[in-house]
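Student: After the sequence you'll find the predicted model.
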Amino acid sequence: MVERNSCTEVKCSSSCCHDVWFYMIDNPNQYFQNVKIMPEKLNEKPLQVGVYFSVSGGQYKVIIIGDCPNLYKNECNIYSNRPPGCKKTNINSTSCREARERDSIKTCNDHTSHK
Ligand code: SF4
Ligand code: SF4
């Protein structure tokens, strides 16, 4: 059965799907293509658009710079198999609201109807 995507239903422009950090125990390569190793000093030079990771204590730290490569026409193309961090970002969750506030242009058209 296809999982219902309430974010798409309210026509959100996926504010939570760009410029985000994740922590995960799964290898990020199973979710993202072309994952690169994070430079030791993140601020040393601006990172190009893409997905970067580092590993510490058996945990992966992942950052997406720019739009997530899984985002296509404001829809996640691995939605049913998206990373646990994405699954926690439910509509109207704290992370969702923060993402929409962070990028006030890319907000839901009608997120209030999904409270
Ligand atoms: S994997 Fe999907 S839900 Fe997660 S950030 Fe990327 S597009 Fe968004
Ligand atoms: S969780 Fe929030 S910001 Fe992310 S796609 Fe859904 S409605 Fe948009």
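Tutor: Yes, it's here. Numbering: from 1, shown residues only. Ligands and ions are numbered 1, 2, ... in the order given.
Student: show me the contacts for Leu47.
Tutor: If you count contacts by CB atoms under 8 Å, 6 or more residues apart in numbering, Leu47 has them with 39, 63, 65. In this view, the C-beta of every residue, glycine as well, is placed from N, C-alpha and C.
Student: is it true that it lies in a helix?
Tutor: No: under DSSP: H, G, I helix; E, B strand; the rest coil, Leu47 falls outside any helix and is assigned coil.
Student: distance of it from Met38?
Tutor: Distance, Leu47 to Met38, using CB to CB, to the nearest Å: 8 Å.
Student: Mind listing the shared neighbours of these two?
Tutor: Contacts common to Leu47 and Met38, judged by CB under 8 Å, 6+ apart, are Ile63.
Student: Just the ones of the contacts of Leu47 in strands?
Tutor: If you go by DSSP state E, these have 63, 65 in strands.
Student: Can you lay out the contacts of Leu47 as CSV showing distance to ligand 2 and pLDDT?
Tutor: Below are the contacts of Leu47 laid out as CSV (distance: CB to the nearest ligand atom, whole Å; pLDDT from 0 to 100):
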residue, distance to ligand 2, pLDDT
Pro39, 27, 83
Ile63, 17, 92
Ile65, 17, 92
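Student: which among the contacts of Leu47 end up buried?
Tutor: The neighbour-count test (16 or more other CB atoms under 10 Å) marks 63, 65 as buried among the contacts of Leu47.
Student: By mean pLDDT, flag the weakest helix or strand of this protein.
Tutor: helix 6-9 (a mean of 81; mean pLDDT, DSSP states H and E).
Student: ok, the residue nearest to Asp67 when sequence neighbours are not counted - how many residues close by?
Tutor: Residue nearest to Asp67 in three dimensions, not counting chain neighbours: His18, with 4.5 Å by CB to CB, 6 or more residues apart in numbering. When neighbours are defined as other CB atoms under 10 Å, His18 has 18 of them.
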